[in-house]
Structures are given as C-alpha cells and as structure tokens.
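the sequence isn't on hand, but the structure is:
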Ligand SMILES: [Zn+2]
C-alpha cells in the first residue's frame with residue numbers, strides 16, 4: 001500500500017479513538033484494504049485482518065517492530081523484535097474455506113473465527129468466562145455437523161471434547177495469523193513464557209501517538225503563522241518539523 005499522509009493518520013486517529021478494540025482494528029485494517037476481495041474484512045478469518053494491520057504498520061513506520069511485554073515471572077519488561085515481512089509470510093497459510101473435519105464418525109463443516117465473531121462475543125457477558133467463551137466461539141463457527149450421516153443440531157456443547165479440541169487445532173492451523181504467539185525468555189529472571197502479540201493494539205498505539213503529535217504541530221503552527229489545519233497537514237513531514245523547531249526556538 002502507499003505511504004500514509006499526515007491527513008490520513010489524523011483521520012484514522014479521529015475515527016478510532018472512541019471505539020471498541022474490535023471496531024478499531026477493523027477501521028485500521030480497512031485503511032490498508034485494496035478492495036479486491038468482495039468479503040468485508042470483518043467476515044474474513046481474523047488473520048486476514050492482522051495481515052492488513054501489518055501492511056498498515058509497514059506503510060506507517062516500515063517493517064521493523066519493537067515491542068515490550070511484562071514478564072510474568074519478575075514483572076519486569078521484556079523486549080522483542082519482529083518484522084512485518086516475516087509475519088506477512090504466514091498469510092499464504094491462511095485457509096479461507098477449510099475442508100470438513102472428519103473425526104470419530106462426525107463430519108463437521110466449519111469456518112475460521114472472524115472479527116464479526118469477536119465483536120459479537122464482546123457484547124455477550126457470558127463470553128468473559130474463558131471456557132464458556134471458547135465454546136460460544138466454536139458454536140458460531142460450526143456450519144453443519146453430521147454424525148453417522150444424521151444431522152446434529154445440539155451445537156458445540158453436544159460434541160465430544162476430543163472433537164472440540166480437534167476443531168480448535170484445525171482452526172489455529174488454518175489461520176496462523178489469528179494469534180501471534182511469541183516465545184520469549186526474560187533476560188533478568190530467565191523465565192520462559194509465550195506472549196500473545198496484539199497487532200491491532202500495537203498499530204493503534206502508534207497511530208495514537210502520531211495523531212497527538214500532529215495535533216500539537218498544527219496547534220503550534222496555526223498560532224504562529226495563522227495557517228489552517230489543512231495547510232499544516234499539506235506540508236511534508238521534514239518541513240512541518242522544521243517549522244515547529246523554528247516556532248519552539250529549537251532551531252535558529
Ligand atoms: Zn522476568
């Protein structure tokens with residue numbers, strides 16, 4: 001995708017700041033969507049949205065990402081690095097229309113979870129319980145269940161635990177970008193743990209900090225020169241920053 005203009009960043013900041021995490025991820029992803037797929041991002045496998053977020057991050061700040069997570073052992077901060085390119089390589093492994101899962105006399109047609117599912121789940125308080133939440137999500141993703149050729153209509157809860165586990169595994173392998181799990185070792189206490197990297201939160205933190213900085217720059221230049229927001233945002237980044245340094249006395 002093309003590089004984002006200052007106006008694009010500020011528009012995204014404005015659209016995203018008061019929304020739920022799920023709605024925010026979709027607004028950010030839409031900014032990177034080229035419109036060639038007819039299925040809306042909210043209905044695609046979650047990893048397709050993650051891939052759009054990776055493209056947006058690339059356009060915003062390049063491929064190298066450095067993030068920090070809290071160590072569950074010593075509560076210190078552990079840094080890790082990733083590149084958008086390495087993660088985007090996993091996009092080819094996403095299966096949009098997975099084959100039926102055959103297991104112990106069952107034949108299950110299913111699909112990968114989507115952001116639409118996450119949005120619906122966020123509105124259901126009973127989904128806060130991890131076990132109940134996982135079952136509700138599985139339920140939404142079952143399209144058709146047959147056992148020994150007869151239809152099973154009792155939903156996910158009626159399925160054997162082994163089959164539910166096999167379905168969860170099939171979903172994870174059909175969408176490797178749905179959960180970005182990173183294996184880490186804390187340099188201070190040596191504790192080894194797996195962190196779930198939240199790409200949407202990571203990109204939003206960057207858009208938010210850039211949006212705030214742009215507002216400060218517009219404010220400073222509007223006060224100093226009487227320029228409008230549109231005038232300031234139309235300046236190239238180096239020119240805008242240079243004017244700001246002049247106005248704040250940091251540059252002669
Ligand atoms: Zn530690």
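All right, it came through fine. Bear in mind the structure is a predicted one, so any value in this text is a computation, not a measurement.

how about the residues of the stretch 51-200 of the chain by the ion?
Residues of the stretch 51-200 of the chain lying near the ion by Cβ under 5 Å from the ion: 71, 73, 74, 76, 186, 188, 189, 191. For the C-beta atoms, the positions are set from N, CA and C on the backbone; glycine is no exception.

run me through the strand neighbours of the lowest-mean-pLDDT helix or strand in the chain, direction for each.
Within the chain, no helix or strand scores below strand 150-151, which has a mean of 85 by mean pLDDT, DSSP states H and E. Strand 150-151 sits in its sheet next to strand 142-147 (antiparallel), going by DSSP bridges.

looking only at pLDDT, what's the mean for the strand it pairs with?
Across strand 142-147, the average pLDDT comes to 93.

now swap in stretch 176-193 and tell me
Rounded mean pLDDT across stretch 176-193 is 94.

run through who's touching that stretch.
If you take Cβ atoms under 8 Å, 6 or more residues apart in numbering as the criterion, stretch 176-193 is touched by 45-48, 50-51, 69, 71-74, 76, 78, 80, 82, 87, 90-91, 93-94, 112-113, 171-172, 194-199.

try stretch 231-245
The contact list for stretch 231-245 (Cβ under 8 Å, 6+ apart) reads 5-7, 10, 214, 217-218, 220-222, 224-225, 251.

kindly give a single PyMOL line that selects the buried subset of the residues you listed.
To isolate the buried ones among those in PyMOL, judged by 16 or more other Cβ atoms under 10 Å, type:
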select buried, resi 6+10+214+217+218+220+221
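
with distance to residue 163 and pLDDT as extra columns, can I get the contacts of stretch 231-245 in CSV?
Below are the contacts of stretch 231-245 laid out as CSV (distance: Cβ to Cβ, whole Å; pLDDT from 0 to 100):
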residue, distance to residue 163, pLDDT
5, 50, 91
6, 52, 94
7, 51, 95
10, 49, 96
214, 51, 97
217, 56, 96
218, 57, 97
220, 61, 96
221, 62, 97
222, 62, 97
224, 67, 96
225, 67, 97
251, 66, 72
